[in-house]
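Enquirer: Provide a 3D model corresponding to the input given below.
(chains A and B)
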Amino acid sequence: MFKSAKQVGRRALLAGAATGAAVLASPRIAGAQAKVIRVGMPTILSGRVAILGTSSRYAVQYAFARINEAGGLGGRTLQLVERDSKGRPDEAAKVTRDLINNDGCEIIIDGEASSGAFAVHEVVRELPVLCIHTNSETSSLTADPKLRIATAFRCARQGIHDAVAGGVYASAISKQRGLKRWMTCSPDYAYGRDNTAEFLEFARMYDPSIEVVDQVWPRLFAPDYTENITKALQVRPQAMYSALWGGDLVSFIEQSNLYRLFANIALFSSSLGDPPVLTAIKQLPPGLHTAYRYNRNYPEKPSNTAFADGFTGVAKHEPTNWAWQNYVACQFIAEALKRTGGRTEGAALAAELKGMAIQSPLAVEEVLTLRDSDHTLIGYPTAWGRTVPKAPFVEDFATTPWSRILEMETQWKRQKGYA
Amino acid sequence: MRQGLIRDLTLGLLGLALLLVLPAVFPHPSLRDFLIYVIAYGLLAMSLNLLVGLTGLVSFGHAAYFATGAYIFGLLMQSGSVSIPLAMLAALAGTALLALVIGAICVRLKEIYFSFITLAFQMFIHSIILTWVDLTGGDQGLRGGIPRPPFLGIDLGQPGTLYIFCAVVFVLCLLLMRQVWQSPFGYTLRMIRDNPTRASFLGVNVVRMKLGVFVLAGTMASMAGIIMALFVSGAFPEFGFWTTSGEAIFMIMLGGTQVFLGPVIGAFLLQLLNHYVTIYTHHHGLVLGILILAIVLGLRRGVADYVADWISERRRAAAPLGREEGAETAPPTPPAARKMVG
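Expert: Numbers count the residues shown, from 1 in each chain, chains lettered A, B, ... in the order given. Down below sits the predicted model:
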């Protein structure tokens, strides 16, 4: 017994060591053979705005599944590694560093909103992998040359483009219907105030007769809008602009319905066009004006409908604004990887992405472009439409030509000292 | 006293050596990042414990000083006119001044009224950060990164150097707080915590003592904010939101209020749980809540306090009967603190 144990011990030690080494090494060997490209995504997956992160994640998973099923990119497949930042910028910075340093992610799709995107941006300044911001709509992220980073891009709509399109659309309606007296109802934080100011600036630029008779600023995530609604009933404006979004907008419209507020007031909303918002409203009043967020019928292309069906199959709900932005980001990444032959160095991918134009279900004209000068997306849908009670709830999209948007954007950049 | 100082310095040096050796043994950037995160939040929790554990003042608004430190430092560095040490000193001095003004009002109140007025001041500062967009960047935070120009041959742009710098600053702050913890001032604060009326009868100026520790705690929280600003290269309004204060209180509850390093242990545990739970589930709030509930209800005090009490009881049980009464044992957790954690 003793002898046997001793003999086994020596051999077992050697065999065990060899087996152990093989076992320990195998994941690396397997990883090297599989040549998986890991793409990290810091985003918000919990809390009140979790749908931002979950719909972004579904969109990337859907896009990657399609790319991988089609044979990958030169034999390499894409894998998403997502992390919840809980909406905290410091956590966003930490998880982004973790994704790059610990999880071996070679590309970052930044699904953060607002300040989280700026935190991720600074991480990428230090660790220069390719980063595509997909959910931040703050124009300065890419417009301000002081913030620019060679390997960072934005594949999302942005405030200034929407403001120009909204101004053009609203001024046309106001001229046509004689809507002179306007009121605003937007959330009381920087985005709400900036968005409202920019909308009014461009609306009044195209229709100087617009007069703002009152502005109310409910706090963000307020549950009750009665005070703001009764104020509107007192002031009796002809039109109202609102930058409320998500659950706040749903509550506001449902509470307004109790007072039949929109029977006599034309509502212009920056965020109503998102399918989850539209479906959450139990009685959607017809004829409300909204900016495009996503719609399966616009742009009217079979590829857009296919995207909507495919995404809905994965997520079990219609695509959101964040969904299409992330899907398009994946299209750009796939094309860049194709051109680099699968090389993932930030500089190499960035060189390909600068000025890249691709065919996409979401292109309103010919193509979507990641503009060379400021690494930002142009050519996406900025149209406005009107609500109808039946799915997909918005129709009659009116487009503002991108040439006009770009012209006004250039002026805006000069005013801000960005150009 | 002198012997205690030498012991603390030795332990501090050993702790620093451990912090410096860890990334050398496990040279993974993510470990370094994790430790910097623990250092920043650990320092915030330690500074809050000067109020909660030592003085019996439960502040709900301590993150205000964390944010103030981060913003003053970030703004000064973005101005490009000062060096890092000067910006740090200015941020610490500015926060101390703010804590002095706020503290002068708050420390006159007791118990829940003190807690709520600190929360009110925090929300006031948070609102200033959100609304003074031209200066603070509003809800987007300080954009464009925080420059880290080299000073005295130290380049904080290098991740390794930044880590060493944070570890050294952390240990220095701990040593400073330890001296306060063990000083006559610290024992006076314990007396105020346990019986402020008696302290007053004995001639202690209770308000002045409370104000002193309030300013010190605010200044230490400011240092934590500076470390966080250096790490994330920015400052954000969330630093000054009530949830950050709540998290610091969580760390204290998890680690313990009576053992000096309890809050750091709490910060380490919370960040460790947070790190791993977040990887595996998005229901991290639920998992963390259950775990913390189990610890708080099961142990009825922080982990470090529980272990200290357990060791103390074992020693007492092992001591011969004759020596038991005179034996030097750790004092039991005071009723006020038990009430708070339980």
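Enquirer: unless I'm mixing things up, A:Leu45 is touching A:Ser55, no?
Expert: No - here A:Leu45 does not reach A:Ser55: they are 10.6 Å apart, not a contact under C-beta atoms under 8 Å. For the C-beta atoms, the positions are set from N, CA and C on the backbone; glycine is no exception.
Enquirer: Compare the two (neighbour count), which wins?
Expert: Taking neighbours as other C-beta atoms under 10 Å in any protein chain shown, A:Leu45 and A:Ser55 compare with A:Ser55 leading, 29 against 26.
Enquirer: Identify the residues contacting that one.
Expert: A:Pro276, A:Ala315, A:His317, A:Pro319, A:Thr320, A:Trp322, A:Ala323, A:Asn326 (C-beta atoms under 8 Å, 6 or more residues apart in numbering or on different chains).
Enquirer: try 6 Å this time
Expert: Going by C-beta atoms under 6 Å, 6 or more residues apart in numbering or on different chains, A:Ser55 touches A:Thr320, A:Trp322, A:Ala323.
Enquirer: Pull the number of nearby residues for B:Gln3.
Expert: B:Gln3 has 7 nearby residues by other C-beta under 10 Å.
Enquirer: picking that back up, using PyMOL, define a selection of the buried residues within the contacts of A:Ser55.
Expert: The following PyMOL line selects those of the contacts of A:Ser55 that are buried, judged by 16 or more other C-beta atoms under 10 Å in any protein chain shown:
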select buried, chain A and resi 320+322+323
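Enquirer: Cross the contacts of A:Ser55 against helices and list the overlap.
Expert: A:Trp322, A:Ala323 (DSSP state H).
Enquirer: where along chain A do the helices fall?
Expert: Ranges of helices in chain A, per DSSP H, are A:2-34, A:50-69, A:89-101, A:114-126, A:140-143, A:159-177, A:190-206, A:226-235, A:246-258, A:275-280, A:302-315, A:321-340, A:346-353, A:402-416.
Enquirer: tell me the mean pLDDT for the longest one?
Expert: For helix A:2-34, mean pLDDT rounds to 45.
Enquirer: one step back: now, which of the contacts of A:Ser55 sits nearest A:Cys105?
Expert: A:Cys105 has its nearest neighbour among the contacts of A:Ser55 in A:Trp322, at 19.8 Å by C-beta to C-beta.
Enquirer: these two touch, right, that closest one and A:Arg57?
Expert: No - contact criterion C-beta atoms under 6 Å: A:Trp322 and A:Arg57 do not qualify, at 9.6 Å.
Enquirer: Could you tell me the backbone phi and psi angles at A:Phe393?
Expert: Main-chain dihedrals, A:Phe393, degrees, to the nearest 10: phi 70, psi -20.
Enquirer: Looking at residue 122 now. What's its pLDDT?
Expert: This is for chain A. pLDDT at A:Glu122 comes out at 89.
Enquirer: Not quite, go with chain B.
Expert: Value for B:Gln122, per-residue pLDDT: 91.
Enquirer: Would you mind pulling up the elements that the helix or strand that contains it packs against?
Expert: Element membership of B:Gln122, judged by DSSP states H and E, is helix B:111-131. Counting contacts by 3 or more C-beta pairs under 6 Å, 6 or more residues apart in numbering or on different chains; DSSP states H and E, helix B:111-131 packs against helix B:84-106.
Enquirer: and the helix it packs on with helix B:111-131, angle?
Expert: If you take axes from the mean of the first three to the mean of the last three C-alpha atoms, to 10 degrees, helix B:84-106 sits at 130 degrees to helix B:111-131.
Enquirer: Off-centre distance for helix B:84-106?
Expert: 16 Å (C-alpha atoms, centre = their mean, to the nearest Å).
Enquirer: Check which helices and strands it sits against.
Expert: For helix B:84-106, the elements it packs on are helix B:63-79, helix B:111-131, helix B:206-232, judged by 3+ C-beta pairs under 6 Å, 6+ apart.
Enquirer: lowest-confidence stretch among those?
Expert: Lowest mean pLDDT of those: helix B:111-131, a mean of 90.
Enquirer: Need the contact partners of it.
Expert: Residues contacting helix B:111-131 (C-beta under 6 Å, 6+ apart): B:57-61, B:64, B:102, B:106, B:109, B:136, B:138-139, B:237, B:240-241.
Enquirer: Which of those residues sits closest to chain A?
Expert: Proximity of these to chain A (C-beta to the nearest C-beta) peaks at B:Gly138, which lies at 3.5 Å.
Enquirer: For A:Cys330, which residues are in contact?
Expert: If you count contacts by C-beta under 6 Å, 6+ apart, A:Cys330 has them with A:Val60, A:Ala63.
Enquirer: ok, and the helix or strand in chain A with the lowest average confidence?
Expert: helix A:2-34 (a mean of 45; mean pLDDT, DSSP states H and E).
Enquirer: Of the contacts of A:Ser55, which is the nearest to chain B?
Expert: Chain B has its nearest neighbour among the contacts of A:Ser55 in A:Trp322, at 16.2 Å by C-beta to the nearest C-beta.
Enquirer: okay, A:Ala190: pLDDT?
Expert: A:Ala190 carries a pLDDT value of 72.
Enquirer: That one against B:Gly138, yeah?
Expert: Yes - here A:Ala190 reaches B:Gly138: they are 3.5 Å apart, a contact under C-beta under 6 Å.
Enquirer: Residue numbers of chain B in contact with chain A?
Expert: B:29-30, B:33, B:37, B:133, B:138-141, B:143-145, B:232-234, B:236, B:238, B:278, B:282 (C-beta under 6 Å from any C-beta of the partner chain).
Enquirer: Give me the below-cutoff pLDDT ranges for the chain.
Expert: Let's take chain A. The model of chain A has pLDDT under 70 over residues A:1-34.
Enquirer: wait, I meant chain B there
Expert: Residue ranges of chain B with pLDDT under 70: B:1-2, B:321-342.
Enquirer: how many neighbours does A:Pro401 have?
Expert: 13.
Enquirer: got the contacts of A:Ser55 as a markdown table, with distance to B:Ile265 columns?
Expert: Shown next, in a markdown table, are the contacts of A:Ser55 (distance: C-beta to C-beta, whole Å):
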| residue | distance to B:Ile265 |
| --- | --- |
| A:Thr320 | 42 |
| A:Trp322 | 39 |
| A:Ala323 | 42 |
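Enquirer: Let me know the closest of the contacts of A:Ser55 to A:Phe252.
Expert: Of all the contacts of A:Ser55, A:Thr320 has the smallest distance to A:Phe252: 18.9 Å, by C-beta to C-beta.
Enquirer: hang on, A:Arg125 packs against A:Ile149?
Expert: Yes - if you go by C-beta under 6 Å, A:Arg125 and A:Ile149 touch, sitting 5.2 Å apart.
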